[in-house]
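S.K.: Here is my input; please provide its structure:
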Amino acid sequence: MQKVNGRRGGKAVTVALLLCASMGSSAQGNKTSQGLPDSPKPAARSIEDLNYKGGDDAMPPFTDSLIDVHSTFRQALLRKGMALRVISGVQYTQNALDGPVPSSQQVYMGQSEYASFSEQPIFTADLRPLHLEHAQFCFGGAWNWTTWKPAGPKTMQLWALYFYKAFGQDRVEMKAGYVANNLNFVGLNVGGSTANGAQGVYAVLPFEVGMSYYPTTAPSLNVRVRGPGNTYFKTSTQRSIDPNGGTAEVTRNHTGFRFIPHGDKLLLIEEGGYVRAASADAHKAWFRAGYLHNSTAFSNLATGKPQTGNYCAYALMDYQLLQTDREHPGRGLYAGGSAMTAPEAMNAYSRYYEARFYKEAPFRSRPGDVLSVITSRTGYSKLYTGNLVSQGKTVRQASATITGGYSLRASPGNYLSLAVSYIEGPAISPRVPNALNVIANWSQYF
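M.R.: This is a model prediction of the structure:
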């Protein structure tokens, strides 16, 4: 755009010739190094490498957070290969059909106004400084408080302290340390995301048999192997949580660090399945089946004596019926079902069946939302209910529910899940009227 006179042009040519001569001389002087390859550049570090890994259920990406991923705080930690996030949760449940009862008479969640609060800080670090690729250290805590103790536990304790490593282009994954296995096996969350909240009444059988779950934790060694054709197999060797449940576990192990409380033995979890990601040519599909076997002694409901060999078998299937967005093939309508069983001699809850329909991105303007309809039936142990009847108590033999829920992504890192659940037989004993629970969950990811 600017003219250059002949004198300036001559000077420019002279300078260019001198630079070329200098470069040629330098190249000849370094002739011996020309055949050597350049030093490899270190791989770019992504903050998502520091997100929760190796689980069935995923946490929202760091880009979906109340703290901007480009903030000074995030970037300063990322440069050191570290990340810190905090998950806050509030839940409220209340029966809309009857008035509240005194706390001494409450027998199910929502019979009186129920609320719970949780804080979950999670620190992760990649282990490249130790020359370990695809490896992560995770340390997390949990504070959980409820207005009704049986729905607890109330605790402030360790939630995670483990080492994660992937091998062979992530075909094999290992997780060793203190782990809450509810995010690693079975796959109970609607849509496979922790952000969708508790949108209904879910199976308790795996936890009843001893699998660790938030906010409890237990020493565990988990291994997952990806096989051919979208198949996988995974296994866990976990120290069982207390046979009497989460509240008893926290009472005996209030910090979560205790390695083997007296009486808690080994829980083995085996799961195999087929999982196919959604694409332009295929709908998403996920089938999984598994078996839990516990060598801890549970009280036999028939004899009252301790007995080993408690177990839970399960099978679940989720399939994408309809894709609604070609650019984002995971969005659409899904159907799923669950079936679980546990021995009546050692468990109050012995059968669980569930059917579900849910739609990811139900509206084009709401791509982060999930709409769900879930129906379930829980069967109770006849030995357990028979013992109650012999004591002169009234009982239910089963409970059935139908729940409609909507998980709203209100803003980055801000999720509100609302649900209405009709429950036929909300408690095993005493026999109380049916309930219509209104449920609200608010989750924040910092």
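S.K.: Listing request: residues of the chain with sub-threshold pLDDT.
M.R.: Along the chain, segments meeting pLDDT under 70 span 1-44, 197-202.
S.K.: ranges for the helices of it?
M.R.: Taking DSSP state H to define them, one finds helices in the chain at 6-29, 72-79, 205-208, 246-252, 382-390.
S.K.: Would you mind measuring from residue 415 to residue 370?
M.R.: Distance, residue 415 to residue 370, using CB to CB, to the nearest Å: 10 Å. The way it works is simple: take the backbone N, C-alpha and C, and place the C-beta from them, glycine included.
S.K.: let me redo that: residue 290
M.R.: For residue 290 relative to residue 370 (CB to CB), the value is 24 Å.
S.K.: neighbour count winner among the two?
M.R.: Neighbour count, other CB atoms under 10 Å: between residue 290 and residue 370, residue 370 has more, with 25 against 22.
S.K.: show me what contacts residue 211?
M.R.: Contacts here follow CB atoms under 8 Å, 6 or more residues apart in numbering; on that basis residue 211 touches 181, 182, 185, 238, 241, 267, 269, 292, 312.
S.K.: Give me the subset of those that lies in strands.
M.R.: Among the contacts of residue 211, the ones falling in strands (DSSP state E) are 238, 267, 269, 292, 312.
S.K.: What is the nearest of those to residue 76?
M.R.: residue 238 (35.9 Å; CB to CB).
S.K.: didn't the closest one look like it was pressed against residue 216?
M.R.: No - if you go by CB atoms under 8 Å, residue 238 and residue 216 don't touch, sitting 11.2 Å apart.
S.K.: Looking at the two, which has the bigger crowd around it?
M.R.: Between residue 238 and residue 216, counted using other CB under 10 Å, the more crowded position is residue 216 (28 against 24).
S.K.: so how far is residue 370 from the more buried one?
M.R.: 27 Å.
S.K.: ditto for residue 184
M.R.: Separation of residue 184 from residue 370 (CB to CB): 21 Å.
S.K.: ditto for residue 75
M.R.: According to CB to CB, residue 75 stands 31 Å off from residue 370.
S.K.: same deal with residue 112?
M.R.: 29 Å.
S.K.: show me where the stretch 101-250 of the chain has strands.
M.R.: With DSSP state E, counting those that start in this stretch as the criterion, the stretch 101-250 of the chain has strands at 114-126, 135-146, 155-167, 172-179, 218-226, 231-239.
S.K.: Is it possible to get JSON lines of these that adds distance to residue 61?
M.R.: Shown next, in JSON lines, are the strands of the stretch 101-250 of the chain (distance: least, CB to CB, whole Å):
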{"stretch": "strand 114-126", "distance to residue 61": "13"}
{"stretch": "strand 135-146", "distance to residue 61": "15"}
{"stretch": "strand 155-167", "distance to residue 61": "17"}
{"stretch": "strand 172-179", "distance to residue 61": "19"}
{"stretch": "strand 218-226", "distance to residue 61": "21"}
{"stretch": "strand 231-239", "distance to residue 61": "23"}
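S.K.: of the ones you listed, which approaches residue 352 most closely?
M.R.: Among the strands of the stretch 101-250 of the chain, if distance is taken as CB to CB, the winner is strand 231-239, at 20.3 Å.
S.K.: by how many degrees do that closest one and strand 218-226 diverge?
M.R.: Strand 231-239 and strand 218-226 meet at an angle of 170 degrees, taking axes from the mean of the first three to the mean of the last three CA atoms, to 10 degrees as the criterion.
S.K.: List the buried residues in strand 231-239.
M.R.: 232, 234, 235, 236, 238, 239 (16 or more other CB atoms under 10 Å).
S.K.: Could I get the contacting residues of the fourth one?
M.R.: With contacts taken as CB under 8 Å, 6+ apart, residue 236 has the following neighbours: 181, 184, 185, 220, 221, 222, 223, 267, 268, 269.
S.K.: Against residue 255, how distant is the fourth one?
M.R.: In this case it means residue 220. Applying CB to CB to residue 220 and residue 255 gives a distance of 17 Å.
S.K.: And for the second one?
M.R.: Applying CB to CB, the value for residue 184 to residue 255 is 22 Å.
S.K.: My understanding was that residue 388 contacts residue 397; is that so?
M.R.: No - contact status for residue 388 versus residue 397: not in contact, 11.0 Å apart, counting by CB under 8 Å.
S.K.: Just want to know which of these two has more residues nearby.
M.R.: A side-by-side neighbour count of residue 388 and residue 397, using other CB under 10 Å, places residue 388 first with 16 against 11.
S.K.: one step back: whichever of the contacts of residue 236 end up buried, select them in ChimeraX.
M.R.: Selection of buried members from those for ChimeraX, criterion 16+ other CB under 10 Å:
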select :181,184,185,220,222,267,269
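S.K.: Among the contacts of residue 236, which pair sits farthest apart?
M.R.: Greatest spatial distance among the contacts of residue 236 (CB to CB): 223 and 267, at 14.9 Å.
S.K.: okay, now the closest residue to residue 367 other than its chain neighbours: neighbour count?
M.R.: Excluding the flanking residues, the one nearest residue 367 by CB to CB, 6 or more residues apart in numbering is residue 361, at 4.5 Å. Per other CB under 10 Å, the neighbour tally for residue 361 reads 19.
S.K.: Pull the contacting residues for residue 361.
M.R.: The contact partners of residue 361, taken as CB under 8 Å, 6+ apart, are 324, 325, 328, 331, 332, 367, 368, 369.
S.K.: Let me see the contact set for the residue lying closest to residue 360 once chain neighbours are set aside.
M.R.: Nearest residue to residue 360 in three dimensions, chain neighbours excluded: residue 331, at 5.1 Å (CB to CB, 6+ apart). Each residue near residue 331 by CB under 8 Å, 6+ apart is listed here: 323, 324, 325, 360, 361, 367.
S.K.: What distance do you get for residue 331 to residue 196?
M.R.: For residue 331, the distance to residue 196 equals 14 Å [CB to CB].
S.K.: Hmm, residue 252 and residue 157 touching each other?
M.R.: No - Residue 157 is beyond contact range of residue 252, at 11.8 Å (criterion: CB under 8 Å).
S.K.: Neighbour count: these two, which is higher?
M.R.: Shown here are residue 157 and residue 252; by other CB under 10 Å, residue 157 has more neighbours (20 against 14).
S.K.: Closest to residue 306 out of the contacts of residue 236?
M.R.: residue 267 (16.1 Å).
S.K.: so that closest one sits right up against residue 239, yeah?
M.R.: Yes - under the contact definition of CB under 8 Å, residue 267 touches residue 239, with a separation of 7.1 Å.
S.K.: picking up where we left off before, closest one of the contacts of residue 361 to residue 108?
M.R.: Among the contacts of residue 361, and counting by CB to CB, the member closest to residue 108 is residue 369, at 28.8 Å.
S.K.: Now do the contacts for that closest one.
M.R.: Contacts here follow CB under 8 Å, 6+ apart; on that basis residue 369 touches 360, 361, 362, 363, 406, 407, 408, 409.
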